[in-house]
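Q: Provided below are the primary sequence and the corresponding predicted coordinates.
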Amino acid sequence: MRYFILYLKGMLMGAADLVPGVSGGTLALITGIYKELLQSINSVSLSTLKTLKQEGFKAFWKKLNGSFLIAVFGGILSSILLLSRLLEWLIENEPLGLWSFFFGLLIASIIYLFRSELAITIRNLLYLGLGAVISYLVTQLSGGENQSSLWYLFLSGFIGISAMILPGLSGAYILVIMGVYQTVLSNVRLAQDLFINYDQNQFILTASILGVFILGIVVGLKVFSKFLSWILKSYPERTIAVLIGLMIGALHKVWPWQNTLSSSSKETYAVLPSQFSGDPQIFTALLWMLIGFGILFLIERSKKLLFK
């Protein structure tokens with residue numbers, strides 16, 4: 001049962017990572033698997049491989065925390081493959097409901113983490129403010145032109161995964177800024193289509209794009225998780241304060257009511273419901289916020305029941 005719950009948490013992380021403005025790291029933090037995830041990623045090393053040779057598969061698998069990694073990353077991968085089309089459709093057709101849900105979830109996460117993980121001191125509040133400022137400034141950057149060269153895709157994967165495992169900083173939004181979000185998403189869809197309509201030339205192109213991007217993700221994940229693990233161990237309270245600050249600074253990007261800067265621009269800015277250019281659908285938005293808020297309660301309840 002534990003690994004099924006971990007699989008579902010991985011699916012939540014994968015879904016969040018697909019949406020610009022939402023971080024999979026946030027879901028890992030609020031569902032209680034963040035520190036174990038970083039530690040497990042760091043356990044993938046040459047010394048762990050030596051354990052396989054010296055002590056056998058059982059000792060190797062235990063040191064790797066293999067069942068945990070398979071459950072979480074299996075959920076992430078399943079979510080990306082199953083939900084990429086659905087989330088793209090929701091972003092285009094039901095943005096108010098989708099963003100309202102994530103806004104409610106994020107607000108509940110901040111409240112929960114603030115109450116359970118952070119002592120209210122001047123120093124912690126300063127670090128929280130620092131995280132909020134950094135996150136806000138990053139989300140003010142404009143999206144770049146589409147880039148598809150292989151070296152740039154590797155760099156995008158490296159930087160994108162670093163943001164994806166940081167609560168509050170959206171890896172998908174970083175990919176939008178770097179101009180590769182649409183390229184990656186469309187190639188994920190093409191990879192799925194190749195299972196039905198195989199085309200060798202398309203396979204080579206898609207495999208090279210996704211392969212290089214995934215290589216960047218793997219390298220970035222290993223490098224950045226080691227740094228995060230070290231800083232969480234050395235400065236736990238200050239790090240948590242910065243992470244909560246990152247989440248606070250990103251709130252305006254998941255605020256449901258957004259207007260575009262101009263008719264030819266995709267850049268948006270948060271407004272009050274009364275200033276929204278379309279139908280504000282206040283009742284629907286509030287309902288989805290409450291659902292998102294309630295999801296966190298259910299996650300926390302399941303965590304207490306299953307991991308006492």
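A: Perfect, thanks for sending it. Numbering: from 1, shown residues only.

Q: Against Glu237, how distant is Asn124?
A: Per CB to CB, to the nearest Å, Asn124 is found 6 Å from Glu237. Placement of C-beta: from N, CA and C, glycine included.

Q: Looking only at neighbour counts, state which of those two leads.
A: Asn124 (19 against 14; other CB atoms under 10 Å).

Q: Can I get the helix or strand hosting the more buried one as PDB, trimmed to CA atoms?
A: Asn124 belongs to helix 122-138 when assigned by DSSP states H and E. Only the C-alpha atoms of helix 122-138 are listed here, as PDB (Å, rounded to 0.1, in the frame of the first residue of the first chain):
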ATOM      1  CA  ILE A 122      13.300  37.300  12.500                       C
ATOM      2  CA  ARG A 123      16.000  35.300  10.800                       C
ATOM      3  CA  ASN A 124      13.600  32.800   9.300                       C
ATOM      4  CA  LEU A 125      11.300  35.600   8.100                       C
ATOM      5  CA  LEU A 126      14.200  37.300   6.300                       C
ATOM      6  CA  TYR A 127      15.100  34.000   4.500                       C
ATOM      7  CA  LEU A 128      11.400  33.500   3.600                       C
ATOM      8  CA  GLY A 129      11.400  37.000   2.200                       C
ATOM      9  CA  LEU A 130      14.600  36.300   0.200                       C
ATOM     10  CA  GLY A 131      13.000  33.200  -1.300                       C
ATOM     11  CA  ALA A 132       9.900  35.100  -2.200                       C
ATOM     12  CA  VAL A 133      11.800  37.800  -4.000                       C
ATOM     13  CA  ILE A 134      14.000  35.300  -5.900                       C
ATOM     14  CA  SER A 135      10.900  33.400  -7.100                       C
ATOM     15  CA  TYR A 136       9.000  36.600  -8.000                       C
ATOM     16  CA  LEU A 137      11.900  37.900 -10.100                       C
ATOM     17  CA  VAL A 138      12.400  34.600 -11.900                       C
END
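
Q: buried residues in it?
A: Asn124, Tyr127, Leu128, Leu130, Gly131, Ala132, Ile134, Ser135, Tyr136, Val138 (16 or more other CB atoms under 10 Å).

Q: gap between the last one and Gly171?
A: Val138 sits 11 Å away from Gly171, going by CB to CB.

Q: Then the third one?
A: As judged by CB to CB, Leu128 and Gly171 stand 22 Å apart.

Q: same question, Met289
A: 23 Å.

Q: When those two are compared, which one has more neighbours?
A: Neighbour tally, Met289 and Gly171, criterion other CB under 10 Å: the higher count belongs to Gly171, 28 against 22.

Q: For that one, which non-adjacent residue is spatially closest?
A: Met164 (3.1 Å; CB to CB, 6 or more residues apart in numbering).

Q: Which of the helices or strands spans the nearest residue to Ser67 once chain neighbours are set aside?
A: Distance criterion CB to CB, 6+ apart; nearest residue to Ser67, sequence neighbours excluded, is Tyr3 at 6.0 Å. Using DSSP H and E, Tyr3 maps to helix 2-18.

Q: Distance from that helix to the middle of the chain?
A: 11 Å (CA atoms, centre = their mean, to the nearest Å).

Q: Against which helices or strands is that helix packed?
A: helix 24-30, helix 66-93, helix 171-178, helix 282-306 (3 or more CB pairs under 8 Å, 6 or more residues apart in numbering; DSSP states H and E).

Q: Residues contacting that helix, please?
A: For helix 2-18, the surrounding residues in contact (CB atoms under 8 Å, 6 or more residues apart in numbering) are 22-28, 31, 33, 67-68, 70-80, 83-84, 87, 102, 164, 170-172, 185, 299, 302, 306-307.

Q: Can you mark which positions in that helix are buried?
A: Neighbour-count burial for helix 2-18 [16+ other CB under 10 Å]: 5-18.
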